[in-house]
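> Dropping a prediction and its sequence here:
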Amino acid sequence: MPEALLSVIWAPAKMVDKTLIIRKIVLISKDCEALKSLAQ
């Protein structure tokens, strides 16, 4: 497989991974906030 083709496929895949990771972090932080408000 040519390098250029690989990078074209890999770039969007990395972007998707980043957004998924960010969404998970946001969801986890929201869960933490909910737990804190419940604990108070």
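Here it is on my side, so go on.

> quick one: which helix or strand includes the residue nearest to the spatial centre of the chain?
In the chain, the centroid-proximal residue (Cα atoms, centre = their mean) is residue 21; its distance is 1.6 Å. Assessed by DSSP states H and E, residue 21 sits inside helix 3-39.

> What's the mean pLDDT across that helix?
Computed over helix 3-39, the mean pLDDT rounds to 86.

> Show me what that helix is packed against.
Helices and strands touching helix 3-39, as assessed by 3 or more Cβ pairs under 8 Å, 6 or more residues apart in numbering; DSSP states H and E, are absent. (Glycine included, C-beta is placed from N, CA and C.)

> ok, so what distance separates the residue nearest to the centre of the chain from residue 28?
Remark: distance between residue 21 and residue 28 (Cβ to Cβ, to the nearest Å) = 11 Å.

> likewise residue 11?
26 Å.

> for residue 40, same thing?
Using Cβ to Cβ, one gets 19 Å for the distance from residue 40 to residue 28.

> So which of these two has more stuff around it?
residue 28 (10 against 5; other Cβ atoms under 10 Å).

> any idea how far residue 15 is from the more buried one?
Distance of residue 28 to residue 15, computed by Cβ to Cβ: 21 Å.

> And for residue 7?
Taken as Cβ to Cβ, the span from residue 7 to residue 15 is 13 Å.

> count of neighbours near residue 3?
7.

> let me redo that: residue 11
10.

> got it, and residue 10?
For residue 10, using other Cβ under 10 Å, the count is 10.

> Renumber starting at 15 from here on
Shifting the count to begin at 15 puts that one at residue 24.
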